[in-house]
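Enquirer: When you get a sec, could you give me coordinates for this:
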Amino acid sequence: MLTDKNHFPLADQAFTAAVMAGALAVTCNLMLLAGPIIRLIGNSGAAIANRVMGMILASVAADTVMSALLELAGSGSLRADWARSV
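Expert: Next up, the predicted model:
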């Protein structure tokens, strides 16, 4: 995943595992609190949050596509860059 025992020391691997566990704990707590959060912000607040998240997702997707196209135009081949990095 994000660590490789042949390249990273144990301390780095432990830090990565701790960060992943923290993210999992935050996600779990947010899912457990979904009912009270919806009651707090209401249906219209949830709809607004849904639209904002959709816009963020669309912008990340557009940025990824544009980066890939620029990389393709600059090097002539994405496959050649990938093969060199492996």
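
Enquirer: Summarise which helices and strands the lengthiest helix in the chain is packed against.
Expert: Scanning the chain for the longest helix, with DSSP state H as the assignment, gives helix 34-75. Taking 3 or more C-beta pairs under 8 Å, 6 or more residues apart in numbering; DSSP states H and E as contact, the helices and strands that helix 34-75 lies on are helix 78-85. Bear in mind the C-beta positions are built from the backbone N, C-alpha and C, glycine included.

Enquirer: buried sites along the helix or strand encompassing Val19?
Expert: Val19 is part of helix 10-32, with elements assigned from DSSP states H and E. Within helix 10-32, the residues that qualify as buried by neighbour count (16 or more other C-beta atoms under 10 Å) are Gln13.

Enquirer: between that helix and helix 34-75, how many degrees?
Expert: Put simply, helix 10-32 runs at 130 degrees to helix 34-75, going by axes from the mean of the first three to the mean of the last three C-alpha atoms, to 10 degrees.
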